[in-house]
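K.L.:
just a sequence and a predicted model for now, questions to come.
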Amino acid sequence: MSKKVTVYTRNNCAYCVQVKRYLDIKKQDYDVINLDENPSEEASVVAKSGARTVPIVMITNEKGDELIASIGWNPGALSSALAA
């Protein structure tokens, strides 16, 4: 299993656009879950990340472990998580 990247977003989130643009530039496949359109996902991602802000980027590694790659627009943390 390769890494699976999931980006949690909201409508009108400028930082979410930046994260998706960054992943596109890096040619990284990712899934998007918009919490405004999928409110049932919010409790789960808050429990996992401890954050109530977006974007939240989660990576599921080859072992199936789900890790927080970044919260907010943090290209350094995101780059490190993708490289790990």
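P.N.:
It's in.
K.L.:
for the protein, which spans come out with low pLDDT?
P.N.:
Within the chain, the stretches falling below the threshold (pLDDT under 70) are 1.
K.L.:
need the longest helix for the chain.
P.N.:
Among the elements of the chain assigned as helix by DSSP state H, the one spanning the most residues is helix 14-25.
K.L.:
ok, residues contacting that helix?
P.N.:
Contacts of helix 14-25 with the rest of the structure, by Cβ atoms under 8 Å, 6 or more residues apart in numbering, involve 5, 7, 9-10, 30, 32, 54-55, 57, 70, 72-73, 75, 78. (Each C-beta comes from the backbone N, C-alpha and C, glycine too.)
K.L.:
doesn't Ser44 make contact with Leu35?
P.N.:
No - contact criterion Cβ atoms under 8 Å: Leu35 and Ser44 do not qualify, at 10.1 Å.
K.L.:
who has more neighbours out of these two?
P.N.:
Relative neighbour count places Leu35 above the other of Leu35 and Ser44, with 19 against 11, counting by other Cβ atoms under 10 Å.
K.L.:
and the nearest residue to that one once chain neighbours are set aside, how far is that from Lys20?
P.N.:
Spatial nearest neighbour of Leu35, chain neighbours left out: Glu42 (4.9 Å); criterion: Cβ to Cβ, 6 or more residues apart in numbering. Per Cβ to Cβ, to the nearest Å, Glu42 is found 19 Å from Lys20.
K.L.:
Ala51 falls within a strand, correct?
P.N.:
No - when classified by DSSP: H, G, I helix; E, B strand; the rest coil, Ala51 is found to be coil rather than part of a strand.
K.L.:
the closest residue to it other than its chain neighbours: neighbour count?
P.N.:
By the measure of Cβ to Cβ, 6+ apart, the closest residue to Ala51 outside its immediate chain neighbours is Ile71, 4.7 Å from it. Burial measure for Ile71: 19 neighbouring residues, criterion other Cβ under 10 Å.
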